[in-house]
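Visitor: Quick one, fold the following:
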Amino acid sequence: MRVRRFEWEGADETALRARRWAEEEALEEVTTSINEIEADVRNRGDDAVLEMTARFDATERRPTSLRVDPDAPAAALAALDPELRESLELAAANIRLVAEAQVDEEPRMVPLPQGQTVRIREVAASAAGLYAPGGRAAYPSSVLMCAIPAQVAGVERLVLASPPDPRGRVYPVVLAAAGICGISEVYAMGGAQAIFALAHGTQTIKRVAVVAGPGNNWVQEAKKKAFGFVGIDSYAGPSELMLVADKNTDPEWAALDLCAQAEHGGGGPLLVGAVETSVLNAITQAVERAARRIDAEDAPLALVQLPSLDAAVQLANAYSPEHLELLIEGAATMAERVTTAGCVFAGQHSATAFGDYVAGSNHVLPTLGAGRFSGPLGPNVFRRKIATVEVSGQAAAKLAPHVKTLAEAEGFPVHGESAMIRAKDA
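Guide: Coordinates of the predicted model:
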């Protein structure tokens, strides 16, 4: 790993954010290519996506179709190893319980003093495009994390995109996860081209209303570019972890947690904060031993000397990490003071790995500081609010003069006339 040390004395957030972005992969080149990919997908549809799938994923055989056999998810689930199926179903059940707790089905009626009412209700998006990464590994857990909140939200059409292996086939375990969720519309495609195919549609793929899921910088930049044509969840990748340790932290546990996140690839930053130099030294040594088992040479590990554990909260809120582990005494109390992390893991036994798979929380989380304005993927991403306004004649008479006054101040007199004519009729 690429290890760096620095001290945190409560420097301003702007300077820290500049340091954070400097540690990330430069996005300018990605953005330029993203624009070209979007134009190609919009102009040529299936042909463009198939060509890019052959170039980047299905390198052994050029695929002739993006759509996976609708019966393949159920068949893959039936063929799955029973132990793996049990674990996937346990994860699915816990994710569903947490998602269901977030949905409020009852509309809110707000009566107002002048006699009008405003009713706020939520409706599900018509279709959701779900992205499960591929490349280094198969991610059935991402299928569950994306599909189950969408189902709980009430989305009727779920569309899964996942990069195929070199032979052009979606990983069987990913298809099995789709089978658990009852998804039959699956496309063997990945990267930015998959996001644009979902957002704009092709000859084969009917466009969706929302796109969600984790992925590399190419996937996330494509989601940003597609926003406006579709809704998106957040900037969710590459993986990040900030860990706060004290003298009670087991350095081997901490090292495994850091290396576990490094397994996702070298792009995501890792950060350890502690007051004691001895704690940082012990974790560094443990990381060096654990990292020999994985390809983690490029993983950036920052060791931060803190003046106090209170400063750890300030650092976390300024840094906005995707995952924040508090492996310290009083972790639950400190967790309540954290306001920007994607997900907080409080206590010695609360490894990020539990949240990645089976705890019930969602592992599609904001990265690159997006936790300042967004949170974990949940049913809310797939639902939208609609307001219904009812103005009675009596309310119109009371409100219209105010509409006229404000409209004239803004230079829109006909707005005022539109309201006043109703007041005269009341």
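
Visitor: Could you confirm Ala137 falls within a helix?
Guide: No: counting by DSSP: H, G, I helix; E, B strand; the rest coil, Ala137 is located in no helix; its state is coil.

Visitor: So that it lines up with my notes, have the first residue be 32 from now on.
Guide: New numbering, starting at 32: the last item is Ala168.

Visitor: Give the full set of residues in contact with it.
Guide: By Cβ atoms under 8 Å, 6 or more residues apart in numbering, the contact list for Ala168 is empty. To be clear about C-beta, it is placed using only N, CA and C from the backbone, and glycine gets the same treatment.

Visitor: how about 10 Å then?
Guide: Taking Cβ atoms under 10 Å, 6 or more residues apart in numbering, we find Ala168 in contact with 202, 204, 294-296.

Visitor: Can you give me the separation between it and Tyr202?
Guide: Counting by Cβ to Cβ, to the nearest Å, the gap from Ala168 to Tyr202 is 9 Å.

Visitor: Am I right that Ala363 is in contact with Gln379?
Guide: No: checked against Cβ atoms under 10 Å, the pair Ala363 and Gln379 is beyond contact range at 11.5 Å.

Visitor: can you map out the strands along the stretch 232-381 of the chain?
Guide: Using DSSP state E, counting those that start in this stretch, the strands of the stretch 232-381 of the chain run over residues 241-243, 262-263, 272-276, 301-305, 331-336, 354-358, 374-377.

Visitor: and the last one, what does it pack onto?
Guide: Read it as strand 374-377. strand 272-276, strand 354-358, helix 362-366, helix 383-388 (3 or more Cβ pairs under 10 Å, 6 or more residues apart in numbering; DSSP states H and E).

Visitor: Could you check how far the second one is from the centre of its chain?
Guide: Spelled out, that is strand 354-358. Here strand 354-358 is found 18 Å from its chain centre; the criterion is Cα atoms, centre = their mean, to the nearest Å.

Visitor: Now for Ala363 and Gln379: what residues contact both?
Guide: Among the neighbours of Ala363, those also in contact with Gln379 (Cβ under 10 Å, 6+ apart) are Leu357.

Visitor: So for the two, which residue has more residues nearby?
Guide: Comparing Ala363 with Gln379 by other Cβ atoms under 10 Å, the one with more neighbours is Gln379, at 17 against 11.

Visitor: for stretch 338-358, which positions count as buried?
Guide: Counting neighbours by 16 or more other Cβ atoms under 10 Å, one finds that the buried residues in stretch 338-358 are 340, 342-358.

Visitor: So which of the strands of the stretch 232-381 of the chain is the most surrounded?
Guide: Across the strands of the stretch 232-381 of the chain, averaging neighbours per residue (mean count of other Cβ atoms under 10 Å) puts strand 354-358 on top, at a mean of 28.

Visitor: quick revisit: and the strands of the stretch 232-381 of the chain, which one averages the lowest pLDDT?
Guide: Within these, confidence is poorest for strand 331-336, with a mean of 90 (mean pLDDT).
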